[in-house]
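Chemist: sharing a sequence plus its predicted fold:
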Amino acid sequence: MQVSERPQPRPLSVPQRDFISGGGSYDGVSSTYLGDVKSSSAQNTTLDLEEKADARPNPHRKYSRKWFDYAWDQAVQVGRWPRVAYALVGITALGIWVGIMLTFAKEEVRAQRRNSDLNGTKSGFEGETANFQACTLKKFDPLERNLRVSWSLVYVENNTNVVRPSGQTVDDRWQCNLYRDVKAVPEDRLVDPDLLELAGLTQADIQSTYYRIDNVTQPPLATLGMHPFDSVDTNIDFNQAREEDPYAQPLFAYPFDIWQGSIVFALTDRVAAEAVNLTNTGILNLHGAILSDSTLNWRIRLTANNTCEFSAVDAGCELHLDFTGRRPPLVKFAAILAALINWASTIGIFLLTCESVIMRRTYILSDTDILGVCVTALFALPSVRAILPGAPDFGAIIDLIGIIPNIIVVSLCTTAIAFSKLTMRRPKNE
């Protein structure tokens, strides 16, 4: 009996696929499936949205409010132009802020240039050397209410308006005694005739041309003019510039407070005083003062008055300097902006509280963490005041307007929100 062999079934060739990574292989050839499907589907979705947005015409009247709303909704679905719009808004806001800061910086430079002008004598002084006091601002302390200034001796020769420090060469080296807060009077003391003969002067010349310090035993503040680095530091007391004006009162009226201070200088020729053997005599003409440098968060202005130019005998021969201190525009801008931001935040929290508690919109209480917003604002608002430039201690007028009422309103809103959350009941269908 012949037995026929049963044919073996031929195995089916099934491709091996990696269902996790999307990779598959068949006869040694691999390909990726899921990755290609995902990328192509994302592109197709974007294209479909753009096609749908372009395919559906705007049914509203052109350039009407509904037309703009519908066009904006269609653009948001695609998501391209809205992103460009808010990116441009952010860049524009940043550019405006940088422009404001640059404007304030240029204004500060202009103020320093005005201070560096020759304060005092405005008339010409051709053929003579005009002595000036060069003052460098160091620090203004509003708590101690004084301004620290460094003084040195400079001169301007032949009306050239070129300021040169004294003591650089032998020709411009002097020995000058500087006195503070004194009065100059005509010299009335008698001089030894032998000394007058050596000096080539007469007693009448001494009494008509020489001035002395009223207190002949007053020690000088410093001796200037020997070297370019000769200087002396002084503290000038400041007080309120406008009496009975609460909006200009120091510290309380921040950032609109106005301060003022003054100092009087007299300069004597030490060599001339020793030639006639008299102390504190031979007062020189100080034409004015030159203010340089600046102080942080303060604008200091200087006004000089030279009494040597007056013909009256009792006018004396001193240099009277009046200082005025104000906050620069940058400080005022920052303080006003901080107060506006505080009030905007307070008004927003107040409106949310009224809508959720009084108008009984319970979804605001349940869906949003408004209590966390109120508690955060309660501690954030006072911290904004702490970063204001040159801010005084607590109690200024800006605190009464832009800090204390904000804290009170936010505290009441926080209490109302917390009480509403405690008394809120769960819906019956839950």
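Modeler: Looks like it arrived, so ask away. Given the structure is predicted, the values throughout are model-derived calculations rather than measurements.

Chemist: just the helices in the protein please.
Modeler: 34-55, 65-78, 81-115, 193-199, 203-209, 270-275, 329-353, 362-367, 370-386, 397-402, 404-423 (DSSP state H).

Chemist: how far away is the residue lying closest to residue 156 once chain neighbours are set aside from residue 161?
Modeler: Excluding the flanking residues, the one nearest residue 156 by C-beta to C-beta, 6 or more residues apart in numbering is residue 130, at 4.8 Å. For the C-beta atoms, the positions are set from N, CA and C on the backbone; glycine is no exception. Counting by C-beta to C-beta, to the nearest Å, the gap from residue 130 to residue 161 is 10 Å.

Chemist: and if you look at residue 142?
Modeler: For residue 142 relative to residue 161 (C-beta to C-beta), the value is 34 Å.

Chemist: about what we covered before: dump the helices of the chain to TSV, plus mean pLDDT, distance to residue 320 and mean neighbour count.
Modeler: What follows is the helices of the chain, written out as TSV (pLDDT from 0 to 100; distance: least, C-beta to C-beta, whole Å; neighbours: other C-beta atoms under 10 Å):
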stretch	mean pLDDT	distance to residue 320	mean neighbour count
helix 34-55	49	77	11
helix 65-78	79	67	13
helix 81-115	88	17	11
helix 193-199	88	30	12
helix 203-209	87	22	13
helix 270-275	90	23	16
helix 329-353	91	29	17
helix 362-367	73	66	13
helix 370-386	85	39	16
helix 397-402	88	32	18
helix 404-423	89	42	16
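
Chemist: residue 153: which of those is closest?
Modeler: Closest approach to residue 153 among those is made by helix 270-275 (12.4 Å; C-beta to C-beta).

Chemist: packing partners for that closest one?
Modeler: strand 176-180, helix 193-199 (3 or more C-beta pairs under 8 Å, 6 or more residues apart in numbering; DSSP states H and E).

Chemist: list the residues that contact residue 277.
Modeler: 191, 192, 195 (C-beta atoms under 8 Å, 6 or more residues apart in numbering).

Chemist: just curious, which of those residues is nearest to residue 217?
Modeler: Among the contacts of residue 277, and counting by C-beta to C-beta, the member closest to residue 217 is residue 191, at 18.3 Å.

Chemist: okay, that closest one: pLDDT?
Modeler: As predicted, residue 191 sits at a pLDDT of 89.

Chemist: can you report how many residues neighbour it?
Modeler: 21 (other C-beta atoms under 10 Å).

Chemist: go ahead and confirm it touches residue 278.
Modeler: Yes: with contacts counted by C-beta atoms under 8 Å, residue 191 reaches residue 278, the gap being 6.7 Å.

Chemist: pLDDT value on residue 2, please?
Modeler: 47.

Chemist: sorry, slip of the keys, the one I care about is residue 151.
Modeler: Reported pLDDT for residue 151: 92.

Chemist: can we start the residue count at 56 from this point?
Modeler: Done: numbering now begins at 56, and the last item shifts to residue 206.

Chemist: so who does it touch?
Modeler: Residue 206 neighbours (C-beta under 8 Å, 6+ apart): 188, 189, 190, 191, 233, 277, 279, 286, 287, 288, 289, 320.

Chemist: and for residue 267?
Modeler: Applying C-beta under 8 Å, 6+ apart, the residues near residue 267 are 239, 240, 241, 242, 244, 323, 333, 335, 336, 337, 338.

Chemist: neighbour-wise, which one of the residues you listed leads?
Modeler: residue 338 (27 neighbours).

Chemist: now for that residue: which residues touch it?
Modeler: Per C-beta under 8 Å, 6+ apart, neighbours of residue 338: 239, 265, 266, 267, 268, 321, 322, 323, 324, 363, 372.

Chemist: number of residues surrounding the residue nearest to residue 188 when sequence neighbours are not counted?
Modeler: Distance criterion C-beta to C-beta, 6+ apart; nearest residue to residue 188, sequence neighbours excluded, is residue 344 at 4.3 Å. Neighbours of residue 344 under the rule other C-beta under 10 Å: 25.

Chemist: my read is that residue 344 contacts residue 187, right?
Modeler: Yes: Residue 344 is within contact range of residue 187, at 6.1 Å (criterion: C-beta under 8 Å).

Chemist: who's more crowded, residue 197 and residue 216?
Modeler: residue 197 (19 against 9).

Chemist: how close does the more buried one sit to residue 312?
Modeler: 8 Å.

Chemist: quickly list what's touching both of these two.
Modeler: 305, 306.

Chemist: one step back: residue 468: which of the contacts of residue 338 is nearest?
Modeler: residue 321 (63.5 Å).

Chemist: tell me what the closest one is bridged to.
Modeler: residue 234 (DSSP bridges).

Chemist: what's the pLDDT at it?
Modeler: So, for residue 321, pLDDT stands at 93.

Chemist: cool, and the one 3 residues further on?
Modeler: Among the per-residue scores, residue 324 shows a pLDDT of 91.

Chemist: residue contacts, it?
Modeler: 229, 230, 231, 337, 338, 339.

Chemist: what is the nearest of these to residue 299?
Modeler: Using C-beta to C-beta, residue 338 comes nearest to residue 299 of those, at 38.3 Å.

Chemist: nearest residue to that closest one in space, please, no chain neighbours.
Modeler: residue 266 (4.1 Å).

Chemist: likewise residue 131?
Modeler: residue 137 (5.4 Å).

Chemist: right, and the one you found touches residue 126 too?
Modeler: No: counting by C-beta under 8 Å, residue 137 stays clear of residue 126, with 11.1 Å between them.

Chemist: OK, contacts around residue 242?
Modeler: 261, 262, 265, 266, 267, 333, 336.

Chemist: what about 6 Å?
Modeler: 261, 262, 265, 267, 336 (C-beta atoms under 6 Å, 6 or more residues apart in numbering).

Chemist: distance to residue 151 added to the residues you listed, as CSV?
Modeler: CSV is the format used below for the contacts of residue 242 (distance: C-beta to C-beta, whole Å):
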residue, distance to residue 151
261, 68
262, 68
265, 63
267, 61
336, 62
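
Chemist: quick check, nearest of the residues you listed to residue 433?
Modeler: Distances from residue 433 to those, taken by C-beta to C-beta, are shortest for residue 267, at 66.7 Å.

Chemist: which one of the helices and strands packed on helix 325-330 lies nearest to residue 353?
Modeler: That would be strand 231-235 among the helices and strands packed on helix 325-330, by C-beta to C-beta, at 22.4 Å.

Chemist: so what secondary structure elements neighbour the closest one?
Modeler: strand 277-279, strand 313-324 (3 or more C-beta pairs under 6 Å, 6 or more residues apart in numbering; DSSP states H and E).

Chemist: just the buried residues of the shortest one, please?
Modeler: Residues of strand 277-279 classed as buried by neighbour count (16 or more other C-beta atoms under 10 Å): 277, 279.
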